[in-house]
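Q: Quick check, what structure comes out for this input:
(one chain, ligands or ions: 1)
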Amino acid sequence: MSLTAVQQAEAKFLLPTYDRNPILLERGEGVYLFDASGRSYLDFLSGIGVNALGYSHPAILKALMDQAVRLIHISNLFFHPAQSQLAKLLTRISGLDRAFFCNSGTEAFEAALKLSRAYAQAKNSNGGRPKWRFLAMENSFHGRTFGSLATTSTKKYRRPFAPLMPGVSFVRFNDVDDLKSKFDDNVCALCLEPVQGEGGIRAVSKKFLQAARSLTRKHGALLIADEIQCGLGRTGKYFAYQHCGITPDIVTVAKPLAAGLPLGAVLTTEAVSRCIHPGMHGTTFGGGPLACSVAIAFLETLEREKLLPHITEAGSYFKDQLIALQERHPSITDVRGLGLMLGVELASADLAKAVVRALLNEGIIINRTHETVLRFLPPYIVQKKEIDRVVKALDGAISETSASAVTPAARHSKESA
Ligand code: PLP
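A: Coordinates of the predicted model:
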């Protein structure tokens, strides 16, 4: 099928939820994607943080094939060995005790919200008074289902679906005084992304996360870390909260967990898990043998290929190059992020849009988040030569787009000067 035929069919049969690039992708290998005409694209977005081992990684393909011929799905009415094996690996790396598996980020986050309410009810720690408020962050993104949306601050996602779940207050990210002023004993949980992704690649400060940890303890509330985008190695540690020396009560993961198959998980403590009984929560597909087996292969590969130190090294090399670029381009207003989760803020949304387009024309995939921020989420296996290529292309694209962004009037006055 040609690109045009696919575009026409989608325009007729799909809900118009996505604004896709006019590229028909066919296959992938390593850090490259290939379109139907055989053109290659260097992928510095990884399917928005999913394809952390790139494409066609042999360990992932082997796990996929081995399991697919034996069992794909069985329902959660029966046992298979992969769910508890995966839970054991995830609890070891997170410092938590138990896992529940689902199919996506937003479902993991819904489970986190439900656990928080159930825990508050079961403990009755506010002496019979209500304890169901959530605190969430300004600029947050937790997903598109109703609970996740209610704790997501961006108005354009919320407004069309109002009214949302009540009882959520938003706190200025990294503002300890604002956090203190909004906390009380009615709060059942505080939600945050240790590195905000859709909010423009902003890392939580150690001071704020530690204050969040101690305030949640003081008020008998749970601390939920949404690691769906920043977790599972992306920042050079298994979890981004590990940069701040705390452990949350609940952690959500998804995106890279099963290397491209849909799988999410919520991880929590023994104490929280005691409020859950059979039948209270569940899912048809979550934690199936295929997705869990691939996820085990993903985590084993991270360890076997020593990818965490590689992410730290490649990430700091990349960030240094971006900072050097900032010194040459006044239109770069900030460079931020951790590990291989980096953002470059540009002076305007139009400029950011033009740079993303220019890179795509050069065969490089990145995207724009929070309007003005170029987002880089390359596969963990990325090498310096690929980083160099992206930085060089960025240098050229920013020079060209900044020059062509000069208005005709400004150009005229420049020329006549
Ligand atoms: N939480 C965070 C931090 C995310 O970045 C995302 C997706 O981008 C989600 C939750 C929702 O995940 P999903 O799209 O798999 O539902």
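
Q: low-scoring stretches of the stretch 301-417 of the chain, by residue?
A: Low-confidence segments of the stretch 301-417 of the chain (pLDDT under 70): 405-417.

Q: switch to 50 and redo it
A: 406-417 (pLDDT under 50).

Q: Helices along that one, start to end?
A: Using DSSP state H, counting those that start in this stretch, the helices of the stretch 301-417 of the chain run over residues 307-328, 349-361, 384-404, 408-416.

Q: For the second one, enumerate the helices and strands it packs against.
A: Identification of packing neighbours for helix 349-361 by 3 or more Cβ pairs under 8 Å, 6 or more residues apart in numbering; DSSP states H and E yields strand 367-369, strand 373-376, helix 384-404. Every C-beta, even on glycine, is put in place using the N, C-alpha and C of the backbone.

Q: Relative to residue 339, which of the ones you listed is closest?
A: Across the helices and strands packed on helix 349-361, residue 339 has its closest neighbour in strand 373-376 (10.6 Å, Cβ to Cβ).

Q: Pairing partners for the closest one, with directions?
A: strand 341-346 (antiparallel), strand 367-369 (antiparallel) (DSSP bridges).

Q: Give me whichever of these is most buried.
A: Highest mean neighbour count of the strands paired with strand 373-376: strand 341-346, a mean of 24 (counted as mean count of other Cβ atoms under 10 Å).

Q: between that one and helix 349-361, how big is the angle?
A: When axes from the mean of the first three to the mean of the last three Cα atoms, to 10 degrees is applied, the directions of strand 341-346 and helix 349-361 differ by 130 degrees.

Q: Strand 341-346 and the ligand, are they touching?
A: No - figure legend: strand 341-346 not in contact with the ligand (Cβ under 6 Å from any ligand atom); closest approach 10.4 Å.

Q: Touching that strand from outside, list them.
A: Applying Cβ atoms under 8 Å, 6 or more residues apart in numbering, the set of residues contacting strand 341-346 from outside is 49, 195, 197, 200-202, 229-230, 234-235, 315, 318-319, 322, 325-326, 331-337, 352, 355, 369, 372-377, 394, 398.

Q: What about the residue in the stretch 51-200 of the chain that the ligand sits nearest to, how many residues nearby?
A: Going by Cβ to the nearest ligand atom, the ligand is nearest to residue 105 of the stretch 51-200 of the chain, at 2.1 Å. Residues lying near residue 105 (other Cβ atoms under 10 Å) number 26.

Q: Assess the claim that it and residue 262 are in contact.
A: No - taking contacts as Cβ atoms under 8 Å, residue 105 lies outside contact range of residue 262: 9.6 Å.

Q: ok so, going back, local confidence estimate at the residue of the stretch 51-200 of the chain closest to the ligand?
A: If you check residue 105, the pLDDT there is 98.

Q: now swap in residue 124 and tell me
A: pLDDT at residue 124 comes out at 85.

Q: wait, what's in contact with the residue of the stretch 301-417 of the chain found nearest the ligand?
A: Nearest residue of the stretch 301-417 of the chain to the ligand, counting by Cβ to the nearest ligand atom: residue 369, 9.5 Å away. Residue 369 makes contacts with 197-201, 343, 375, as judged by Cβ under 8 Å, 6+ apart.

Q: and it, how far is that from residue 47?
A: Using Cβ to Cβ, to the nearest Å, one gets 15 Å for the distance from residue 369 to residue 47.

Q: just to revisit the earlier point, which one of the helices and strands packed on helix 349-361 is the most hemmed in?
A: Neighbour counts (mean count of other Cβ under 10 Å) averaged over each of those peak at strand 373-376, with a mean of 25.

Q: Just the CA trace of that one, in CSV.
A: Extracted in CSV, the C-alpha atoms of strand 373-376 (Å, rounded to 0.1, in the frame of the first residue of the first chain):
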residue,chain,number,x,y,z
VAL,A,373,11.1,22.1,23.7
LEU,A,374,13.0,19.8,21.4
ARG,A,375,12.8,16.3,23.0
PHE,A,376,15.5,13.7,22.7
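
Q: In contact with residue 28, which residues are there?
A: 34, 43, 51, 54-56.

Q: helix/strand/coil for it?
A: Secondary structure, DSSP: H, G, I helix; E, B strand; the rest coil: residue 28 is strand.

Q: per-residue confidence for it?
A: For residue 28, the model assigns a pLDDT of 98.

Q: next one: residue 252
A: Here the pLDDT value assigned to residue 252 is 99.

Q: so how many other residues sit close to the closest residue to it other than its chain neighbours?
A: Leaving out its chain neighbours, the residue that sits closest to residue 252 by Cβ to Cβ, 6 or more residues apart in numbering is residue 108, at 4.0 Å. Using other Cβ under 10 Å, residue 108 has 30 neighbouring residues.

Q: Residue 108 is in what secondary structure piece?
A: Residue 108 is part of helix 105-123, with elements assigned from DSSP states H and E.

Q: Past that helix, which element shows up next along the chain?
A: Downstream of helix 105-123, the next assigned helix or strand under DSSP H and E is strand 133-137.

Q: C-terminal to that following strand, which secondary structure element comes first?
A: Counting by DSSP H and E, what follows strand 133-137 is helix 146-150.

Q: helix or strand right after that next one?
A: Counting by DSSP H and E, the next helix or strand C-terminal to helix 146-150 is helix 155-158.

Q: Render the CA-only coordinates of that next one in PDB, please.
A: Extracted C-alpha coordinates of helix 155-158, given in PDB (Å, rounded to 0.1, in the frame of the first residue of the first chain):
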ATOM      1  CA  LYS A 155      -5.800  22.500  30.100                       C
ATOM      2  CA  LYS A 156      -6.000  21.500  26.400                       C
ATOM      3  CA  TYR A 157      -6.100  17.800  27.500                       C
ATOM      4  CA  ARG A 158      -8.600  18.300  30.300                       C
END
